[in-house]
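In: Next comes the sequence, and after it the predicted model I'd like to discuss.
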Amino acid sequence: MAAEIRKVGIVGLGAMGSGIAQLCVEAGIDTVGREVTAELGERSRDRIGHFLTRKVEKGTLAAGARDAAVARLTLTTELAGLADCDVVIEAIVEELAPKQELFAELETLCRPDAVLATNTSALSVTEIAATTSTPERVVGMHFFNPAPLMPLVEIVRAELSGDAAVETAYALGERLGKHPIRCHDTPGFVVNRVLIPLLNDCVRVLDEARVTVDDLDAGMKHGAGWPMGPCELLDLVGLDVHVHASEALYDKLREPRMAPPPRIVAMANAGLHGRKTGRGFYTY
Ligand SMILES: NC(=O)c1ccc[n+]([C@@H]2O[C@H](COP(=O)([O-])OP(=O)(O)OC[C@H]3O[C@@H](n4cnc5c(N)ncnc54)[C@H](O)[C@@H]3O)[C@@H](O)[C@H]2O)c1
């Protein structure tokens with residue numbers, strides 16, 4: 001694997017890809033972002049510039065450092081633009097077939113020593129790697145949303161990942177200022193495997209114990225030391241995102257606690273997605 005990480009490629013500059021690209025350029029790494037259209041790429045660059053400018057306004061980043069960071073991002077619509085990257089991180093739509101196609105193509109275009117990482121939340125890294133003939137260089141790098149702010153990255157070892165690829169991904173996580181943890185490729189990895197059924201239990205308790213939303217949140221904050229209540233957290237994550245992740249976990253593990261409770265499915269279907277739609281368990 002590449003001894004030093006000089007250049008990182010990001011495929012898909014949506015919510016996660018933009019955040020990861022921002023982390024890379026802020027860490028001083030030359031970064032190539034690939035989007036399907038030039039317009040989407042520009043939109044991501046604008047978003048990164050906007051967040052870095054907010055840091056300048058808050059006094060946490062010098063204006064010169066912002067300009068240098070933005071200049072480290074180059075955009076491409078061609079996968080071939082990633083040919084000289086040491087690590088490529090995929091953050092496209094959460095569907096197996098497009099990810100598998102992408103990895104098969106990356107394998108032919110990227111240097112043989114490049115590490116290929118996926119930011120998937122719920123798909124199997126092993127299944128994504130299986131479409132390549134070099135699965136030893138495929139790993140998971142699961143960042144949390146919003147990537148620039150959330151300190152954790154799960155470094156996921158697929159069935160055939162090699163030690164070198166895992167350690168390169170771990171080192172990159174550290175260089176991006178994250179707290180990496182290592183785990184194997186199992187549904188939900190570590191945090192979602194624990195958190196999703198726990199949040200589902202919290203929603204079930206609302207009905208079972210006839211506790212109010214405010215009191216449940218107060219209970220978990222003041223009795224269990226949570227920094228925010230489960231309903232506040234669900235509103236922040238997005239009820240639609242939680243239901244989707246919960247269904248994916250249930251599909252794989254078939255444990256009843258993994259299935260989203262009907263109450264939260266109904267809320268998600270009604271458009272009560274939390275903070276981003278102005279209404280969830282709370283009104284914003
Ligand atoms: N949003 C989250 O909370 C979160 C957290 C951790 C991991 N993830 C994972 O990160 C990945 C991206 O999620 P997101 O929330 O940033 O999604 P998003 O919809 O914001 O961005 C996806 C990007 O991929 C591009 N894209 C879509 N289909 C493509 C294709 N076939 N080929 C190439 N590019 C394509 C789109 O143009 C878009 O910019 C998913 O695998 C998701 O599970 C998301």
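Out: In hand now; what should we look at?

In: Distance of residue 150 relative to residue 23?
Out: In this view, residue 150 and residue 23 are 10 Å apart by Cβ to Cβ, to the nearest Å. For glycine as for every other residue, the C-beta is placed from the backbone atoms N, C-alpha and C.

In: Which of the two has more residues huddled nearby?
Out: More crowded of residue 150 and residue 23, by other Cβ atoms under 10 Å: residue 23, with 24 against 13.

In: Pull the contacting residues for the nearest residue to the more buried one once chain neighbours are set aside.
Out: Nearest residue to residue 23, sequence neighbours excluded (Cβ to Cβ, 6 or more residues apart in numbering): residue 176, at 4.4 Å. With contact taken as Cβ atoms under 8 Å, 6 or more residues apart in numbering, residue 176 is in contact with 20, 23-24, 27, 153.

In: need the contact list for the residue of the stretch 1-150 of the chain at minimum distance from the ligand.
Out: Closest residue of the stretch 1-150 of the chain to the ligand, Cβ to the nearest ligand atom: residue 14 (1.8 Å). Counting by Cβ under 8 Å, 6+ apart, residue 14 touches 44, 91-92.

In: tell me the average confidence for the helix or strand hosting residue 266?
Out: In this structure, residue 266 sits in helix 262-269 according to DSSP states H and E. Taken as a whole, helix 262-269 has a mean pLDDT of 97.

In: in a strand, that's where residue 9 is, yeah?
Out: Yes. Applying DSSP: H, G, I helix; E, B strand; the rest coil, one finds residue 9 inside a strand.

In: Kindly report the residues of the stretch 151-284 of the chain close to the ligand.
Out: residue 241 (Cβ under 6 Å from any ligand atom).

In: rerun that using 8 Å as the cut-off
Out: Counting by Cβ under 8 Å from any ligand atom, the residues of the stretch 151-284 of the chain close to the ligand are 237-238, 241.

In: could I get those residues as TSV with distance to residue 163?
Out: Listed next are these as TSV, based on distance: Cβ to Cβ, whole Å:
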residue	distance to residue 163
237	33
238	36
241	33
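
In: Residue 44 versus the residue lying farthest from the centre of the chain, what's the distance?
Out: Here the chain reaches farthest from its C-alpha mean at residue 210, the gap being 34.3 Å by Cα atoms, centre = their mean. Between residue 210 and residue 44 the computed distance is 46 Å (Cβ to Cβ).

In: where do the strands sit along the stretch 101-250 of the chain?
Out: Counting by DSSP state E, counting those that start in this stretch, the stretch 101-250 of the chain has strands at residues 115-118, 138-143, 152-157, 179-184.

In: And the closest residue to residue 142 other than its chain neighbours, how far from residue 229?
Out: Take residue 142 and drop its neighbours on the chain: the residue closest to it by Cβ to Cβ, 6+ apart is residue 154, 4.0 Å away. Per Cβ to Cβ, residue 154 is found 24 Å from residue 229.

In: residues contacting the residue of the stretch 151-284 of the chain found nearest the ligand?
Out: Closest residue of the stretch 151-284 of the chain to the ligand, Cβ to the nearest ligand atom: residue 241 (5.6 Å). Each residue near residue 241 by Cβ under 8 Å, 6+ apart is listed here: residue 273.

In: Against residue 275, how distant is it?
Out: Distance of residue 241 to residue 275, given as Cβ to Cβ: 11 Å.

In: Also residue 8?
Out: Using Cβ to Cβ, residue 8 is found at 30 Å from residue 275.

In: out of these two, which sits in the more crowded spot?
Out: Ranked by neighbour count (other Cβ under 10 Å), residue 8 and residue 275 place residue 8 first, with 29 against 15.
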